[in-house]
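J.: model the structure of this input:
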Amino acid sequence: AADPHNVMAHASMGAAYEITGNYKKALAQFDQVVALQPKTDGSYGLRADVRAHLKDYAGALADYSQATLLDPADPGNWRDLAWLLATCPNAKVRDGKRAVEAARKACELSRWQDADDVDALAAALAESGDFAGAVKFEQWYLTLPGVKDGDALSAKSRLAGYQVGKPWRD
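T.: Next up, the predicted model:
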């Protein structure tokens, strides 16, 4: 049997379960990762992703928030938090103002060079009602290097919504 204290084993198993869509088993593995490494931001990010898949949005919000506290210099932590706050299907979790703050922080930390951070800012602006800003940043996102064809297609769909005053929903 695997060493129950082996963080990498739990993280690997959790990732494997997540990839295959077995989110409950993934969550159990990531719970172990958090228990073994409670001061590591990545542990919370992994678990937050799975919680969001399981529609435990409050749990995902708590984990993304904890990740930003543990490593406030990681733009990915801020981006993930912003995306959930801007696009969550549960209206109780959405918070446009906080989403904009988190997305701007991600963009600043990545020196405005990460396309995904810019995309999150566009979604956050739309959620906060600033559709002109959302259109501007989504259009900019589409010009940035590294945006894959599939991502561009999704972005064009988001852009069309922003242009008619509709925020994005995951």
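J.: and the helices in the chain?
T.: 7-19, 23-36, 41-53, 57-70, 75-87, 96-109, 115-127, 131-143, 149-163 (DSSP state H).
J.: send me the first one as CSV with only the CA atoms.
T.: Okay, so that is helix 7-19. Coordinates of the C-alpha atoms in helix 7-19 are reproduced here as CSV (Å, rounded to 0.1, in the frame of the first residue of the first chain):
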residue,chain,number,x,y,z
VAL,A,7,1.9,14.1,-0.4
MET,A,8,2.9,13.5,-4.0
ALA,A,9,1.1,10.1,-4.1
HIS,A,10,-2.2,11.8,-2.8
ALA,A,11,-1.8,14.7,-5.3
SER,A,12,-1.1,12.3,-8.2
MET,A,13,-4.1,10.1,-7.3
GLY,A,14,-6.3,13.2,-6.9
ALA,A,15,-5.2,14.5,-10.3
ALA,A,16,-5.9,11.1,-11.9
TYR,A,17,-9.4,11.0,-10.3
GLU,A,18,-10.1,14.6,-11.4
ILE,A,19,-9.1,13.9,-15.0
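J.: buried sites along that helix?
T.: By neighbour count, with 16 or more other C-beta atoms under 10 Å as the criterion, the buried positions of helix 7-19 are 7, 10, 11, 13, 14, 15, 17, 18. Just so you know, the C-beta spots here come from the backbone N, C-alpha and C atoms, and that holds for glycine as well.
J.: which residues sit against it?
T.: Residues from elsewhere that reach helix 7-19 (C-beta atoms under 8 Å, 6 or more residues apart in numbering): 2-3, 23, 25-30, 32-33, 36-37, 46, 49-50, 53.
J.: thank you kindly, that will do.
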